[in-house]
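Q: Need coordinates for the following:
(one chain, ligands or ions: 3)
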Amino acid sequence: MRNLILVGPMGAGKSTIGRLLAKELRLPFKDSDKEIELRTGANIPWIFDKEGELGFRDREQAMIAELCGCDGVVLATGGGAVMRDENRRALHAGGRVVYLHASVEQQVGRTARDRNRPLLRTADPAKTLRDLLTLRDPLYREIADLVVETDERPPRMVVLDILERLQRLPPR
Ligand SMILES: Nc1ncnc2c1ncn2[C@@H]1O[C@H](COP(=O)(O)OP(=O)(O)O)[C@@H](O)[C@H]1O
Ligand SMILES: O=C(O)C1=C[C@@H](OP(=O)(O)O)[C@@H](O)[C@H](O)C1
Ligand SMILES: [Mg+2]
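A: Ligands and ions are numbered 1, 2, ... in the order given. Purely as a prediction, here's the structure:
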């Protein structure tokens, strides 16, 4: 399989684990959100403010299509990338897909101090994360080759688990 692709909700650790995995595998690391920021020269909240979520999703779809065309990269997606059918098709075709799972409680704790997630600027971020996970969990599972638990496990341990389980995956 060509690339190693991480999906999952905000705070699951896609950006953190992706960077560590890439280092371990000596592969380039690409973070879809970071690539959008580099390409536009604007940060994610600014894009949401100026273009709305729809504008961001269009940029995200174009970036996912481009990055899934790479060969041999570790790719961290944004938590909402699985919402579009086109993205799910591209991600599944683009390589091995790992769903990083985290409970809503852990997601809340890990995202609380970070103001860079516009969807969590709500009165009740825990409810927002719960509602999003209800909607998206089946979509993550639909395209995942592996589901990996991240609750109560430090990033290093999650990385080792992924590497070990990838070796045991049958060919698609
Ligand atoms: N397994 C983990 N255990 C504890 N904290 C974690 C873990 N994975 C990530 N984090 C922390 O959670 C925060 C969000 O991680 P991040 O990689 O940005 O998630 P995502 O890209 O999935 O939204 C960061 O501060 C990161 O250090
Ligand atoms: O869940 C989402 O819809 C989003 C997740 C974010 O990425 P992370 O999952 O890396 O936080 C980022 O793409 C944007 O704020 C929207
Ligand atoms: Mg991220």
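Q: Can you name the residues that contact R165?
A: Listed by Cβ atoms under 8 Å, 6 or more residues apart in numbering, the contact partners of R165 are L146, V148. Glycine gets a C-beta too; all of them are placed from N, C-alpha and C.
Q: 7 Å - rerun?
A: For R165, the contact set (Cβ atoms under 7 Å, 6 or more residues apart in numbering) comprises L146.
Q: helix or strand for it, which one?
A: Using DSSP states H and E, R165 falls within helix 155-167.
Q: what's the helix or strand for L91?
A: Going by DSSP H and E, L91 is part of helix 85-94.
Q: And for A65?
A: Using DSSP H and E, A65 falls in helix 44-68.
Q: Tell me the buried residues in that helix?
A: For helix 44-68, a neighbour-count test (16 or more other Cβ atoms under 10 Å) marks I44, I47, F48, F56, R57, R59, E60, Q61, M63, I64, L67, C68 as buried.
Q: Check stretch 70-77 too.
A: Those would be C70, V73, V74, L75, A76, T77, for stretch 70-77 by 16+ other Cβ under 10 Å.
Q: what helices or strands is the helix holding L91 leaning on?
A: The contact analysis (3 or more Cβ pairs under 7 Å, 6 or more residues apart in numbering; DSSP states H and E) places helix 85-94 against strand 3-7, helix 44-68, helix 125-143.
Q: Now the ones you listed in a markdown table, please, with extra columns for mean pLDDT and distance to ligand 3.
A: Shown next, in a markdown table, are those (pLDDT from 0 to 100; distance: least, Cβ to the ion, whole Å):
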| stretch | mean pLDDT | distance to ligand 3 |
| --- | --- | --- |
| strand 3-7 | 99 | 9 |
| helix 44-68 | 98 | 9 |
| helix 125-143 | 98 | 14 |
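Q: For P28, state which of the buried residues of stretch 70-77 is nearest.
A: V73 (4.8 Å; Cβ to Cβ).
Q: Please report how far that closest one lies from ligand 1.
A: With distances taken as Cβ to the nearest ligand atom, to the nearest Å, V73 is found 16 Å from ligand 1.
Q: picking up where we left off before, just want the angle from the helix holding L91 to helix 125-143.
A: 50 degrees (axes from the mean of the first three to the mean of the last three Cα atoms, to 10 degrees).
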